[in-house]
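Trainee: Test case, fold it:
(2 chains)
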Amino acid sequence: MLAYVAKRVLYMIPTLFGMSLIAFMIIQLPPGDYLTSLLSTMADGGQNLDEATIARLRAQYGLDQPVYVQYFVWISGILTRGDFGYSFEWNQPVSTLIWDRMGSTLLISLASLLLVWAISLPIGIYSAVKRHSFGDHAFTLLGFIGLAVPNFIMALTLMYASYRFLGQSVGGIFSPDFVDAPWSLAKLTDLLSHMWIPVIVIAMSGTAAMIRILRANLSDELSKPYVITARAKGLPERKVILKYPVRIALNPFVSSIGWVLPDLVSGVTITAIVLNLPTAGPLLLRALVGQDMYLAGSFILLMGVLTLVGMLISDILLAVLDPRIRFN
Amino acid sequence: MKPETLLSVRNLSIDFRLRTHVLHAVRDVSFDLNRGKTLALVGESGSGKSVTARALMRIIDKPGRMTDGQILLDGPNGQVDVATFAEGSREVLAMRGGRIGLIFQEPMSSLSPVHTIESQIVEAVRLHRRVSKKEARARCIELLRQVEIPEPELMARRYPFEFSGGMRQRAMIAMALACDPEVLIADEPTTALDVTTQAEILDLIKRLQDERGMAMLLITHDMGIVAEVADEVAVMRFGKIVERGPVDDIFHASQHPYTRQLLDATVKLEGAAAVRALPTSLSPSVEPLLSLRNLTKIYGAPSRLFSRTSGRGLVAVDDASLDLYPGENLGIVGESGSGKTTLGRMILRIVEPTSGTIAYHPQTDADPIDVTALGKTDLRRYHQDVRLIFQDPFASLNPRMTVKQIIGDPLVISGNMSGKAVEARVAELLSKVGLDPLVMERYPHAFSGGQRQRIGIARALALNPKVIVADEATSALDVSIRSQILDLLIDIQKQLQLSFIFISHDISVVRYFCDRVAVMHRGKIVEVGDAAIICTRPSQPYTKRLISSVPNPDPRNKRMLHRLRADQA
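Mentor: A predicted model of the protein is given here:
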């Protein structure tokens, strides 16, 4: 088991290196650089800079260097000093910008993952065991609605409801009074009262998908011979199902840890913008549009790292859950 | 003195309410199980025998429902009718495992893969006995010892996938017997096992039955096994018992035509096919069509970075040399894990040989082709000549393709046919394998196992091959269908001048179909020779042991119980 984990961690190193390269390349792909986009913004505002100033700025930002030198400067900074570079647009080191966003991103992901599990596990089991019953059809209908409704519509609806009927301030994850306040019980309550909207919105489609997956997997498992074996022992039906087929059908649940993070960054950016969430998605979008290369690159890299870590955790859990994986 | 009859079934009927109609899976079935005796319930797949057996434990899959009948189980307080117990009631749960034990076919999937053997047996013990965990564990180890699992303390903590098929079936038996049931239902307990393992498991069941005086309901489609172990036989067809009687009467004085049909199909496979013409090519003057020389396959050679198993890896095929002559049927027999499938795949180069050569000699006046050195395009041409038929007729046909697409696929891929020509060729092939050409627009699910295997054969024939490698091509079929398919292959062979490499663990099928047989054991070819001689007068000890383990379909001449064991041979 330890060897398995060590092996998986070792395999992560080349993957990470490849990811950092690709992250950097993608940022360089669009024509021009940060200065070009800055100049065009200034030109729109009627300002113009002379050639010498532009060249001086370009040298100052290191943008006149070849790409591989820029990559090397960036990656060696990260590895040796934990320095992710400087955001041109925000005039701040990337690391100070990034950690806040990463924290809230992680918090919302975890909360919605837990919600997904809590809802889809019982419903999935019910749907598989009582296949084609009224309840199953009802949940199937709800599930498809959940899959079909765009997240941002759901977000707008919930925001409206929460403002209209509960009188809460909506948007963000804190009320304006608490944004800069130190942590306290009141701040935590405030956080929870804001969190439920994004968590529900983000969990919705995931829950619907997970119910379908669990229902399909469990339906397959229910007709396996070992279930009959368990029944033939004289085990009560409820225990038969929970102890044997459900245990095996759980694998996709664990695997979902791996894909929930990338999904949150790429899939629900619109929701995050609508809800004004301080997560990574909106900031990454802005950095990409503005060609704020170090900020964007660091975000992509960190997201990659988190995804890899998520995959690692889910693989380890899978190995714990299923001895067949452990022994291969 | 207890009454002899322990469990009697009276007028049992089970219906399946399907979307379009009601299927009467079991109709008015009656039989008795006596203490210490074995009743064999015989029939082909779909005859309702498994449904009947599981109904005794009140395990009926939805949408099945027991509509009529009594299941009278004799107990300390007189007879009780199991059929009247409420679904999921305490009485039903106490009876399952406590008084009636069940073992069944798939040893690979009938135990939970994620729980240890011990935890599964301990659970069974503690469901019916008020004992501590420690006592239950001791009982588990004792049971494993009774079913002859070596080092039971160690093996108990293993997972089922660490056991071989035979060992899993032993563990399954131990679990079924955990609470000393009085009735044992054995549903095709050895169908998925090799002949030698089958003989050992049947021995074991028989011994445990005698020790405990259990009544046994044995479900099988193999008349050989019936003759070897049953006291009484009930023959089932379309949900009804068509004939019932002592085993000797059934085999030697059967009344019902269906019983005779089953027996004939079995006995027919006891000899060589009458219609087989002796191949003209066995004279030494003819060049072999395929020559394998020193073929070896080693899996998991120690090149991987993190491989813990330093060493030689697993030798699947060890230095195998064989010749296949034109027009010949060459059988390869052996137990599972003997390397016969790997050998077959290496001939097609689906599996790359680790070393050795394969020479293919399609024309007598040309030089032989070195198959092991072929590039991609040449290999594709070779694959048009040498084709494969698979074992599982259900998994080997793509369920989303029509029969026309399935059979026509090789024609389209080879690139020299399209549109109407493909359709005409598919129609021709379908009638060649005995199917109506009109079925070509249908999907595989509309066909029975035997019909699907015919489709698979038609696909193999599509490109006019010279050699067909048939890997367990009849293993998944019922006996009567099996001989039909073999006759079809022989018929096609006569028309098309084919050579077959026929891989099977079933000796009777090989004896029926093949001219020469190669016997494989632990990756090595131990004996090659004329099929009739190998099957009647084998010379190698391993072959002797293998042949003597094959059940004989004659209750007056039980061969298996007098077989040669590993320690004697």
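
Trainee: can you pull the contacts of A:Leu308?
Mentor: Shown in contact with A:Leu308 (CB atoms under 8 Å, 6 or more residues apart in numbering or on different chains): A:Met12, A:Thr15, A:Leu16, A:Met19. C-beta: built from backbone N, CA, C; applies to glycine.

Trainee: Tell me which residues of the helix or strand containing it come out buried.
Mentor: Secondary structure from DSSP states H and E places A:Leu308 in helix A:293-321. Residues of helix A:293-321 classed as buried: A:293-308, A:310-312, A:314-319, A:321 (neighbour count, 16 or more other CB atoms under 10 Å in any protein chain shown).

Trainee: returning to what we had before: from the contacts of A:Leu308, which single one is nearest chain B?
Mentor: A:Met12 (14.0 Å; CB to the nearest CB).

Trainee: Contact partners for the closest one?
Mentor: A:Leu308, A:Leu312.

Trainee: got the end-to-end distance for stretch B:175-194?
Mentor: In stretch B:175-194, first residue to last residue: 22 Å (CA to CA, to the nearest Å).

Trainee: Neighbours of the residue in the stretch 1-150 of chain A that chain B sits nearest to, how many?
Mentor: As assessed by CB to the nearest CB, chain B sits closest to A:Lys7 within the stretch 1-150 of chain A, at 5.2 Å. Residues lying near A:Lys7 (other CB atoms under 10 Å in any protein chain shown) number 12.

Trainee: Which positions in chain B make contact with chain A?
Mentor: Taking CB under 8 Å from any CB of the partner chain as the criterion, chain B approaches chain A at residues B:54, B:57, B:59, B:61, B:88, B:93-98, B:101-102, B:104-106, B:109-115, B:123-124, B:127-128, B:159, B:161-162, B:172, B:175-176, B:178, B:306, B:308.

Trainee: And the contacts of A:Leu308, which of them are buried?
Mentor: Among the contacts of A:Leu308, those buried by neighbour count (16+ other CB under 10 Å) are A:Met12, A:Met19.

Trainee: Switch the contacts of A:Leu308 over to a markdown table; also include pLDDT.
Mentor: Below are the contacts of A:Leu308 laid out as a markdown table (pLDDT from 0 to 100):
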| residue | pLDDT |
| --- | --- |
| A:Met12 | 88 |
| A:Thr15 | 90 |
| A:Leu16 | 88 |
| A:Met19 | 88 |
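
Trainee: can you redo the contacts of A:Leu308 as a markdown table with secondary structure and distance to B:Thr190?
Mentor: What follows is the contacts of A:Leu308, written out as a markdown table (DSSP: H, G, I helix; E, B strand; the rest coil; distance: CB to CB, whole Å):
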| residue | secondary structure | distance to B:Thr190 |
| --- | --- | --- |
| A:Met12 | helix | 47 |
| A:Thr15 | helix | 48 |
| A:Leu16 | helix | 52 |
| A:Met19 | helix | 53 |
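
Trainee: Out of the contacts of A:Leu308, the closest to A:Pro122 would be?
Mentor: A:Pro122 lies nearest to A:Met12 out of the contacts of A:Leu308, by CB to CB, at 34.6 Å.

Trainee: Low-confidence ranges, the chain, go.
Mentor: Because you didn't say which chain, this covers chain A. Counting by pLDDT under 70, chain A has low-confidence residues at A:169-170, A:260-261, A:264-267, A:328.

Trainee: wrong one, I was asking about chain B
Mentor: Those would be B:1-3, B:273-285, B:301-312, B:559-562, B:564-569, if you go by pLDDT under 70 across chain B.

Trainee: can you pull the contacts of B:Val528?
Mentor: B:Leu322, B:Arg516, B:Val517, B:Ala518, B:Val519.

Trainee: Can you name the residues that contact the nearest residue to A:His194 once chain neighbours are set aside?
Mentor: Leaving aside its sequence neighbours, A:His194 sits nearest to A:Ile173 (CB to CB, 6 or more residues apart in numbering or on different chains; 4.8 Å). A:Ile173 makes contacts with A:Ser104, A:Ile108, A:Leu191, A:His194, A:Met195, A:Pro198, A:Leu277, A:Pro278, as judged by CB under 8 Å, 6+ apart.

Trainee: Most neighbours of all those residues, which one?
Mentor: When neighbours are taken as other CB under 10 Å, the top entry among the contacts of A:Ile173 is A:Pro198 (29 neighbours).

Trainee: On the three-state scheme, that one is what?
Mentor: A:Pro198 falls in the helix class when you classify it by DSSP: H, G, I helix; E, B strand; the rest coil.

Trainee: quick one, what contacts it?
Mentor: By CB under 8 Å, 6+ apart, the residues touching A:Pro198 are A:Ile108, A:Ser112, A:Ala155, A:Ile173, A:Thr271, A:Ala272, A:Leu275, A:Leu277.

Trainee: Quick one: neighbours of the second one, just the number.
Mentor: The number of residues packed around A:Ser112, counting by other CB under 10 Å, is 24.

Trainee: buried set for the one helix or strand it maps to?
Mentor: In this assignment (DSSP H and E), A:Ser112 forms part of helix A:94-129. Buried residues in helix A:94-129, counted by 16+ other CB under 10 Å: A:94-95, A:97-98, A:101-102, A:104-105, A:108-109, A:111-113, A:115-117, A:119-121, A:123-129.

Trainee: and what of stretch B:232-239?
Mentor: Residues of stretch B:232-239 classed as buried: B:Glu232, B:Val233, B:Ala234, B:Val235, B:Met236, B:Arg237, B:Gly239 (neighbour count, 16+ other CB under 10 Å).

Trainee: and of those residues, the nearest to B:Ala470?
Mentor: Comparing these against B:Ala470 with CB to CB places B:Arg237 closest, at 28.8 Å.

Trainee: From chain A, how far off is the closest one?
Mentor: Separation of B:Arg237 from chain A (CB to the nearest CB, to the nearest Å): 24 Å.

Trainee: For that residue, give me its contacts.
Mentor: Residues in contact with B:Arg237 (CB under 8 Å, 6+ apart) are B:Gly43, B:Glu44, B:Ser47, B:Tyr258.

Trainee: so what's the spatially closest residue to B:Leu397 that is not a sequence neighbour up against?
Mentor: Distance criterion CB to CB, 6+ apart; nearest residue to B:Leu397, sequence neighbours excluded, is B:Pro444 at 4.1 Å. Neighbouring residues of B:Pro444 by CB under 8 Å, 6+ apart: B:Phe394, B:Leu397, B:Asn398, B:Pro399, B:Met401, B:Val403, B:Ile406, B:Arg452, B:Ile455.

Trainee: so what's the backbone phi/psi at B:Pro444?
Mentor: When read as degrees, to the nearest 10, the backbone of B:Pro444 gives phi -60, psi -30.

Trainee: Burial check on residue 27, number of neighbours?
Mentor: Defaulting to chain A. A:Ile27: 23 surrounding residues under other CB under 10 Å.

Trainee: meant chain B actually
Mentor: When neighbours are counted by other CB under 10 Å, B:Arg27 registers 18.

Trainee: Quickly note the distance from it to chain A.
Mentor: 23 Å.

Trainee: hang on, that residue is in a strand, isn't it?
Mentor: Yes. Assessed by three-state DSSP, B:Arg27 belongs to a strand.

Trainee: Hmm, it is touching B:Ile241, no?
Mentor: No. Counting by CB atoms under 8 Å, B:Arg27 does not reach B:Ile241; the two are 9.0 Å apart.

Trainee: Identify the contacts common to the two.
Mentor: By CB under 8 Å, 6+ apart, B:Arg27 and B:Ile241 have no common neighbours.

Trainee: before we move on, back to that, filter the buried residues of helix A:94-129 down to the ones near chain B?
Mentor: Checked against chain B using CB under 8 Å from any CB, these yield no neighbours at all.

Trainee: Which phi and psi values does the closest residue to chain A within the stretch 451-569 of chain B adopt?
Mentor: Among all residues of the stretch 451-569 of chain B, B:Ala476 sits closest to chain A, at 16.3 Å; criterion: CB to the nearest CB. Backbone torsions for B:Ala476, taken as degrees, to the nearest 10, come to phi -90, psi 10.

Trainee: That concludes my questions; thank you for your assistance.
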